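Peer 1: With the sequence up front, the predicted model follows.
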2 protein chains.
Amino acid sequence: MLYWDQMNAYFDNGTTTPVAKEVLDAMLPYFRENFGHPIFIYSLGQEAAEAIERSQKIISRTINAKPEEITFTSNGTESIDLAIRGAAYANRRKGNHIITTNVENPSVLRVCDKLESDGFKVDYIAVDKQGLVDLDQLKKTINDKTILVSVANVNDEIGTVQPVDEVARIVREQGRKIFFHVNAIAGYMRVPVDVERLGVDMLSLSAHKIHGPKGVGALYLRKGTRIEPLNYGYVSMSGLKPGTENVAGIVGFAKAAELASDRFDRNVKKMLELRERLMKGIEERMSYYLLHGPRGEKRSPANVNYSFKGVEGEAILLRLDLEGVSVATGSACSTRKLEPSHVLTAIGIKPEVAHSATRFTISWQNTPEEVDYALDVLPGVIENLRKISPIKAEDM
Amino acid sequence: MLYWDQMNAYFDNGTTTPVAKEVLDAMLPYFRENFGHPIFIYSLGQEAAEAIERSQKIISRTINAKPEEITFTSNGTESIDLAIRGAAYANRRKGNHIITTNVENPSVLRVCDKLESDGFKVDYIAVDKQGLVDLDQLKKTINDKTILVSVANVNDEIGTVQPVDEVARIVREQGRKIFFHVNAIAGYMRVPVDVERLGVDMLSLSAHKIHGPKGVGALYLRKGTRIEPLNYGYVSMSGLKPGTENVAGIVGFAKAAELASDRFDRNVKKMLELRERLMKGIEERMSYYLLHGPRGEKRSPANVNYSFKGVEGEAILLRLDLEGVSVATGSACSTRKLEPSHVLTAIGIKPEVAHSATRFTISWQNTPEEVDYALDVLPGVIENLRKISPIKAEDM
C-alpha cells in the first residue's frame, strides 16, 4: 500500500484488526470445498451445520457459556441491537425503563434513541473523571419499571474497565428480574469475561476486533432468556438471525477466539508492557498532553488515549497515517462527525481539548518496535502541527 | 470429502454455490492487507470505503441501477425483510394492505406473517399449474389500502419465470404509489434483471447463489424510495445496515456479479443446454415421473424439478448424496420439515407426489459430464427405492 520503504505501526485495533493468518487458513476450506448450506441434510450441508456447532462450542468456552447460548450475527452492532431491543420488546409489559451509561458505544446510544421513540424511558448513568460508572446513581435510578441495564465492560474510547460484576450484583439484588446486557466488544480478549461469574443475561461480541473477519458477531443469551427477534425470514439454525449463515466467517470468528483465548494471559501481559512503554514514552517526550481514562488495572491493557493540546486529532491522525502509524481520534465510531466525543464530554473534558484526543489501541500482534516507531514519529508530528495552530497549547 | 475415487455432481446451486476461484482471489487482500474499517479517514479506511463504493458500482451496473441505490446486507433474507417490512412500516399511514403470491420463498412468507401480526392484511395471489401468477386476480385484489406488492422473478423451487414486467405495469397503472418489490435471489444471473425497464422500487439479491460468499446480500432501493430501517446502531456507510461492513464479502459479491454478468449470455445458453440434456435424459430413462413447473422459456435455465412417484424425496437425496450427486427436495429452504412444499401444493400437486419432488439446480459451472453422471446414477437409485417402497408408483 505504501510505495517507499517505511515501517508501519497499526494502533487502531479497537476499530478493527487484520485477520490472523491462522484464522484465514481456517476459513479457506469453507469457501470452495465445504461450501454447503447448513440447512441441508446431505453431507455438504451437515459439514456446514457441524462447523457452526463447533464454532458455538469454541466461542462459548471462552466466556464460560453453553454452546446453545451463542447466536451468530452479522456484526457486533447487530448483537447489541438484538440484545437491547430484543429484551426491551419482549418485556415491555413488565416495564418500560432502561438504564445505561453516558459513555456507551454509539451503537448502544442509537438503539436507546430508537427505544425512546418507541415509548421507552432511558436513563443514562453518569461516570466519574476516569469514566467509571456511578454505582450509587445506578442503585437510585433502578425503579419498579426497570427491565434492562446495559453497560460495556471496557470503554472502547478511553479504556476504562467498568465494575460490571458490581453492576450485576446491584441488578440481581432487586428481587425481581432485570435483564443485564454487557457490551463486551471492546473488552473481549483484553479483560476476562465469565458469564457465569458475572450472572449476565446477554453479552455482545465481535470477530473483527480480535483478528477475526468482518461480517460476524455473536450474542450470548443465557439459557431461558427470551428476547424478541428483530428480523424475520426463513430460519436455518437460529430464529434470532434468519437467513443463510456466514459459515466461513463464523469458523474464522471461532478460530480467532480460540487463538486469543489459548494465549490470553500471555497476550494481556504483552499488551500491558506495550501500553506502559507507549505511555511512558509519550509522557517523557511530549508536553501539554492529557491522559484520558484511568491508569493501572482499571484501564484496558489495549488502550492509550491522550489529548495533545493545541492541535486537532484529525490532523494528527492524517499526519501519522503518512508516516505509516494508524491511530483513532475522538470515538472510533463517529469519525466523520465533527462534534467532540460524547465520552470525553462525559468525563468533563473541554471540547477544544477533546478535539485533540488521539487513541492508540494495542493488539497482542503489536511489537515493542512498533511502539518505538510511533514514539519516534509522534513528537515531530505534534510539534509541526502546533507551529501552524492558531491556539497555543499552554493557554488551554 | 469422499474417500474413494468418485465423480461429484453438484446440482443444488439454487440452495448455495461454491465460491468461484476468481471471487476468492478478489476477497483475499481484504482480510489481512486492506483490512481497514470503512468509517476511518486514514488510508486503510479509505481503501475499504472505496472498495465498497466500487462494489456498489459493479452490482448496480448488472441490474441497470445507480451505485447509491445498492445497500449491502448480511444475506438475501435480510434484504427481503428490509424491503418488505421497511416499506410497509414506512407507509402504514397510507394503507395496511400487502399483496404477494402463494409460491414465494419462505422468507417472504415469514415476513408477511410478522406483518399480519403487526396489523397488516396480506393477500396471497394464486398461481396456475405452471406456477404463473394470476394477473387478473392481482388486478382485482389491489385496493385503495394496498401499499406493497412483492413477487419473485423466478420461483426458487419449480423455476417458473414470473411475468414481473406485467405485474409492474399493473402496479403502476393504479394512479397512486404502490411499492413493488422483486425477490430476484433465484433469478439473478439466470434471467435478465433491469430495474429501469421493470420500474421496480426494490429488489433483493444474494451473493452465495451466484458463486459469491455467504454472509452478503444486497437490496436495490430506487432513489427517493424511503423505507424504515429494521436495525439500529452506529452507521458506517448505510443507515439501513448499521455496523461494520463485511468488506471482503462485499468485494467477493461484486466480483461474482461481474463475472456472471460479463458472461451472462454464454452462461444462460450453457445452463439451457444442461437443463435440456438433463430433462431429456430423465424423460427417456425414467418412468412415473412428473415435471413441476413450465417447459421452455417460462422456466429458469437453472431449474429442473421432477417427482419420481412412489419414493420419498429425502431418500432420493440421501442415496444420490452417497453417489456424489447433490440435489434438493421439496423447498430447499424447508428441508428439515416434513410438510409437503407449499409451492407444489399451490400448483395442485398431491402431498404424496410432492414428497418425491427432486430439484436439480444448475449453474454455469456445471458440465455435460456431470449431467450424464447424474443421469447414470438416478435410475438405479429410484429403482432400488421403489423396490422397498410400500406405495406403487403406478397407483399414484
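Peer 2: Received, thanks.
Peer 1: Which segments of chain A make up each domain?
Peer 2: When chain A is parsed with automatic domain parsing, its domains come out as A:9-18+A:264-395, A:21-262.
Peer 1: Could you check those and tell me which one is nearest chain B?
Peer 2: Distance to chain B, taken as Cβ to the nearest Cβ, is lowest for domain A:21-262 among the domains of chain A, at 2.7 Å. Yep, even glycine has a C-beta here, placed from its N, CA and C like the rest.
Peer 1: mind checking how far the closest one is from the chain centre?
Peer 2: Centroid displacement of domain A:21-262 relative to its chain, using Cα atoms, centre = their mean, to the nearest Å, is 11 Å.
Peer 1: Quick one: end-to-end distance for that domain.
Peer 2: 16 Å (Cα to Cα, to the nearest Å).
Peer 1: Also stretch A:27-46?
Peer 2: Termini of stretch A:27-46 sit 17 Å apart (Cα to Cα).
Peer 1: do stretch A:133-145 as well
Peer 2: Counting by Cα to Cα, you get 21 Å between the two ends of stretch A:133-145.
Peer 1: Could you do stretch A:53-71 as well?
Peer 2: Stretch A:53-71 has an end-to-end distance of 10 Å (Cα to Cα).
Peer 1: now do stretch A:354-372
Peer 2: Start-to-end, stretch A:354-372 (Cα to Cα) is 25 Å.
Peer 1: List the buried residues for that stretch?
Peer 2: Burial within stretch A:354-372, assessed by neighbour count using 16 or more other Cβ atoms under 10 Å in any protein chain shown, is assigned to A:354-364, A:366, A:370-371.
Peer 1: For the domains of chain A, give me a markdown table that also has mean pLDDT and distance to chain B.
Peer 2: Shown next, in a markdown table, are those (pLDDT from 0 to 100; distance: least, Cβ to the nearest Cβ, whole Å):
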| stretch | mean pLDDT | distance to chain B |
| --- | --- | --- |
| domain A:9-18+A:264-395 | 92 | 4 |
| domain A:21-262 | 96 | 3 |
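Peer 1: Would you point to the one among these that's packed deepest?
Peer 2: Highest mean neighbour count among the domains of chain A (mean count of other Cβ atoms under 10 Å in any protein chain shown): domain A:21-262, with a mean of 22.
Peer 1: show me where the stretch 1-150 of chain A has helices.
Peer 2: Secondary structure of the stretch 1-150 of chain A (DSSP state H, counting those that start in this stretch): helices at A:21-27, A:29-32, A:43-62, A:76-90, A:106-117, A:135-141.
Peer 1: So for A:Y220, which of the ones you listed sits nearest?
Peer 2: helix A:43-62 (7.7 Å; Cβ to Cβ).
Peer 1: And the domains of chain A: which comes nearest B:R61?
Peer 2: Using Cβ to Cβ as the measure, domain A:21-262 is the one of those that comes nearest B:R61, at 23.3 Å.
Peer 1: With respect to B:S79, which of the domains of chain A lies nearest?
Peer 2: When the domains of chain A are compared by Cβ to Cβ, domain A:21-262 sits nearest B:S79, at 8.8 Å.
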